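Visitor: Structure, please.
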Amino acid sequence: MPPRITPLTDPEPAASSRRLAWLASDAEGAPLGSAFVRLFTDEGRHHLAELEIAVHRAERRHGVGGALLDAATAAARADGRRSLVAQATTGSPGDLFLAARGFSQVLALTYARLPLPDLDLAQIYGIAERPHPGYELTHWDGVVPSALAAGFALSRRAMDDMPMEETDHGTVVWDVDRVVAVAEVVLKRGEALHTVAVLDRSDGSVVGFSELVVPGDGRGDAQHYGTGVLPEHRGHGLGLWMKAESIRLARERYPELTGLLTDTADSNAPMLAINDALGYRPTHRAVEYQRVL
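Guide: Below is the predicted model:
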């Protein structure tokens with residue numbers, strides 16, 4: 001008997017997207033799996049839908065994932081979406097499922113972790129304290145200070161040419177309202193957001209940034225978000241400088257943190273080199289899949 005697919009109400013509305021959800025259950029109502037589709041609503045991404053499917057281990061290969069995928073795909077099409085993307089760990093059941101269901105591999109990612117107990121503090125401090133003529137570091141907690149907000153929003157275009165290979169992700173349009181809203185979402189989750197930025201001494205403009213999200217209790221692993229340098233300021237070691245400063249601050253302020261997590265496209269050679277220089281160790285690889293609707 002095919003699983004029963006029931007639409008659910010999204011428990012996590014967001015400022016720049018909305019989610020659709022489904023539960024797969026058997027004839028007695030026992031849950032078998034779930035699916036979520038995030039429909040982006042911000043400028044530059046109205047074409048995009050993002051898929052997550054989870055099926056109980058014992059229920060795989062019984063049509064549950066396929067039924068959930070059919071519901072999710074139909075909903076994305078009905079909403080006028082052009083592309084459906086999903087991510088899976090390399091070699092996992094999800095990887096095999098997506099490859100067999102008409103999705104194409106469009107991006108390979110390497111996930112890495114910096115184990116803080118093993119950190120070479122002298123090396124990190126040496127990088128963070130190295131002068132960069134014409135530039136200076138600054139940092140803030142939570143929402144960007146009003147004096148830097150406009151410049152920080154402009155600096156977000158540093159991510160526009162981030163290697164995404166064939167992924168149809170579109171372009172995120174950033175303004176002050178958006179950078180403030182993103183920070184507030186992190187804070188409302190009970191986490192801490194710390195940003196290190198590079199300023200151009202000639203005019204005080206923000207030319208690069210590196211963000212770190214720390215668990216609310218200051219324990220476990222923190223997660224790097226975006227790190228980017230404006231194209232016209234690359235080639236001066238600013239990415240390495242900012243990330244080292246972010247590590248230094250995290251180590252000093254959160255002594256119970258055990259690691260820092262990051263993920264990088266395999267085609268982003270400069271950032272992979274930065275992570276390697278700072279001591280990040282690969283943990284696993286993932287694949288971004290895409291289906292054209």
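Visitor: Low-confidence ranges, the stretch 1-150 of the chain, go.
Guide: By pLDDT under 70, the weakly predicted segments of the stretch 1-150 of the chain are 11-13.
Visitor: Show me the strands in the stretch 101-250 of the chain, by range?
Guide: 104-115, 135-141, 192-200, 206-214, 220-229 (DSSP state E, counting those that start in this stretch).
Visitor: Can you add distance to Leu39 and mean neighbour count and give these back as CSV?
Guide: The way it works is simple: take the backbone N, C-alpha and C, and place the C-beta from them, glycine included. As requested, the strands of the stretch 101-250 of the chain are arranged in CSV below (distance: least, Cβ to Cβ, whole Å; neighbours: other Cβ atoms under 10 Å):
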stretch, distance to Leu39, mean neighbour count
strand 104-115, 19, 18
strand 135-141, 32, 16
strand 192-200, 25, 22
strand 206-214, 24, 23
strand 220-229, 22, 19
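Visitor: Among those strands, which comes closest to Ser155?
Guide: Closest to Ser155 of the strands of the stretch 101-250 of the chain is strand 206-214 (Cβ to Cβ; 4.2 Å).
Visitor: Could you figure out how far the closest one is turned away from strand 135-141?
Guide: For strand 206-214 against strand 135-141, the angle by axes from the mean of the first three to the mean of the last three Cα atoms, to 10 degrees is 40 degrees.
Visitor: What lies in contact with strand 206-214?
Guide: Here strand 206-214 makes contact (Cβ atoms under 8 Å, 6 or more residues apart in numbering) with 135, 148, 151-152, 154-156, 158, 186, 191-200, 222-230, 232-233, 238-239, 242-243, 245-246, 250, 254, 257, 260.
Visitor: for stretch 172-188, same thing?
Guide: Residues contacting stretch 172-188 (Cβ under 8 Å, 6+ apart): 14-16, 42-45, 142-144, 149-150, 152-154, 156-157, 159, 192-193, 213.
Visitor: and if you look at stretch 110-123?
Guide: 221, 247, 250-251, 257-266, 272, 275, 278-286.
Visitor: Among these, which ones are in helices?
Guide: Residues of those located in helices (DSSP state H): 247, 250-251, 272, 275, 278.
Visitor: top of the residues you listed by neighbour count?
Guide: Ile247 (27 neighbours; other Cβ atoms under 10 Å).
Visitor: mind checking how far that residue is from Tyr280?
Guide: Per Cβ to Cβ, to the nearest Å, Ile247 is found 10 Å from Tyr280.
Visitor: quick one: common contacting residues for the two?
Guide: Here Ile247 and Tyr280 have 114, 260 as joint contacts, going by Cβ under 8 Å, 6+ apart.
Visitor: dump the residue contacts of the residue nearest to Arg4 when sequence neighbours are not counted.
Guide: Among residues not flanking Arg4 along the chain, Ser25 sits closest, at 5.1 Å (Cβ to Cβ, 6 or more residues apart in numbering). The neighbours of Ser25, taking Cβ under 8 Å, 6+ apart as the test, are 3-4, 6, 31-32.
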